[in-house]
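>>> A predicted structure for the sequence below; I have some questions about it.
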Amino acid sequence: MQLQLHLQEATSILPLVTSASNAELKDEIRKTGLRATASRIAVLRHLRQSPRPLSHAEVVDALTEDTWDRATLYRNLVDLAEAGLAQKVELGDRLWRFSGHVSETHDGALHPHFICTECGTITCLPEVSMTTPRRGVPRSLRDKNVEVHVRGRCDDCE
């Protein structure tokens, strides 16, 4: 079995989105069927302001001035991810991180992501074509239900 990658140009998967008002965030949250609580709005705002995915502990540390407990913030992270407003990623260290940047151009097609091992920035490599054989591969690969990560140091960290 051979999996072939053909690299072209990389684009960032995490554009910074900082200008959404509370009303806009409330509307986004409510459209998914979730209640727009103050803690959900704060978590989504914080995720969107970060240039990289954040762990639960990083979100808790950032929102310490508010009185929300760790469990509430974790439930909010999971709820936002399940509703499609955040993306839950695991970078190979068995620690879930959450990003508030879910790009409409990120269509879920099978392609790798470059993960900086220094700063944690994720870059989408959408122009990479992946060729997989039809036979002899796991069904999840055939059905494009896998994640492919390329790890190294990004240009900013070099």
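Great, that's in hand.
>>> what helix or strand is the closest residue to residue 27 other than its chain neighbours on?
In this structure, residue 27 finds its nearest non-sequential neighbour in residue 36, 7.9 Å apart by Cβ to Cβ, 6 or more residues apart in numbering. To be clear about C-beta, it is placed using only N, CA and C from the backbone, and glycine gets the same treatment. Using DSSP states H and E, residue 36 sits within no helix or strand.
>>> one more: residue 41?
helix 38-49.
>>> in this protein, which spans are strands?
Assigned by DSSP state E, the strands in the chain fall at 4-6, 11-12, 54-55, 87-90, 96-99, 112-116, 122-124, 129-131, 148-152.
>>> pick the most buried one from those.
Among these, strand 96-99 has the highest mean neighbour count (mean count of other Cβ atoms under 10 Å), at a mean of 22.
>>> what does the pLDDT read for residue 133?
Looking at residue 133, its pLDDT stands at 66.
>>> likewise residue 41?
Note for residue 41: predicted pLDDT of 95.
>>> show me where the chain dips below the pLDDT cut-off.
Within the chain, the segments meeting pLDDT under 70 span 1-19, 102-111, 126, 128-134, 141-146.
>>> residue furthest from the geometric center of it?
Relative to the centre of the chain, the most outlying C-alpha is that of residue 135, 30.8 Å out, by Cα atoms, centre = their mean.
>>> from residue 148, how far out is that residue?
Plainly put, residue 135 is 20 Å away from residue 148 if you go by Cβ to Cβ, to the nearest Å.
>>> next: residue 55.
According to Cβ to Cβ, residue 55 stands 22 Å off from residue 148.
>>> about what we covered before: for residue 20, find the nearest of the strands of the chain.
Of all the strands of the chain, strand 96-99 sits nearest to residue 20, with 15.0 Å by Cβ to Cβ.
>>> counting by contacts, list what the closest one packs against.
strand 54-55, helix 56-62, helix 70-82, strand 87-90 (3 or more Cβ pairs under 8 Å, 6 or more residues apart in numbering; DSSP states H and E).
>>> tell me which strands that strand pairs with, and in which orientation.
Its sheet considered, strand 96-99 pairs with strand 54-55 (antiparallel), strand 87-90 (antiparallel) by DSSP bridges.
>>> can you lay out these as JSON lines showing distance to residue 48?
What follows is those, written out as JSON lines (distance: least, Cβ to Cβ, whole Å):
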{"stretch": "strand 54-55", "distance to residue 48": "11"}
{"stretch": "strand 87-90", "distance to residue 48": "12"}
